[in-house]
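Novice: coords please:
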Amino acid sequence: MLTLPVGGVAAVGFLVQSSDVPSDGEQTCPVVSSISVKLPGIASYLTVKETFTACGGPTISVSAIVRASALQSA
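Specialist: Below is the predicted model of the structure:
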């Protein structure tokens, strides 16, 4: 769990995992240009602009939010 005081700042992130190999009858895979994420306890969505291929939809795995330093070795 990552807890911040009011007005606190943290560098955080998450991993998104999808396949780049067509499956389940797909001939091609859609290219996604952004992903919207709903954080617990926050009313609005956070949109991350990142392009990736998302085959095997609609299944995309998203990790928990972690400190950015934990993602640097991922």
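
Novice: so what pLDDT did the residue nearest to residue 39 when sequence neighbours are not counted get?
Specialist: Spatial nearest neighbour of residue 39, chain neighbours left out: residue 46 (6.3 Å); criterion: CB to CB, 6 or more residues apart in numbering. To be clear about C-beta, it is placed using only N, CA and C from the backbone, and glycine gets the same treatment. The score at residue 46 is 83. That number is its pLDDT.

Novice: am I right that residue 46 falls within a helix?
Specialist: No - under DSSP: H, G, I helix; E, B strand; the rest coil, residue 46 sits outside any helix and is assigned strand.

Novice: so how many other residues sit close to it?
Specialist: For residue 46, the count of nearby residues is 12 (other CB atoms under 10 Å).

Novice: show me what it is bridged to.
Specialist: Beta-bridge pairing for residue 46 (DSSP bridges): residue 37.

Novice: does it really touch residue 36, like I thought?
Specialist: Yes - at 7.1 Å, residue 46 and residue 36 qualify as touching, with contact defined as CB atoms under 8 Å.

Novice: how close does the residue nearest to residue 39 get to residue 13?
Specialist: Using CB to CB, to the nearest Å, residue 46 is found at 11 Å from residue 13.

Novice: again, but for residue 47
Specialist: In terms of CB to CB, residue 47 sits 14 Å off from residue 13.

Novice: so what's the residue nearest to residue 39 up against?
Specialist: By CB atoms under 8 Å, 6 or more residues apart in numbering, residue 46 lies in contact with 36, 37, 38, 39.

Novice: what do you get for residue 65?
Specialist: So residue 65 contacts 2, 12, 13, 14, 39 (CB under 8 Å, 6+ apart).

Novice: kindly write the PyMOL command that selects the buried subset of the residues you listed.
Specialist: Selecting only the buried entries of the contacts of residue 65 in PyMOL, with 16 or more other CB atoms under 10 Å as the criterion:
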select buried, resi 12
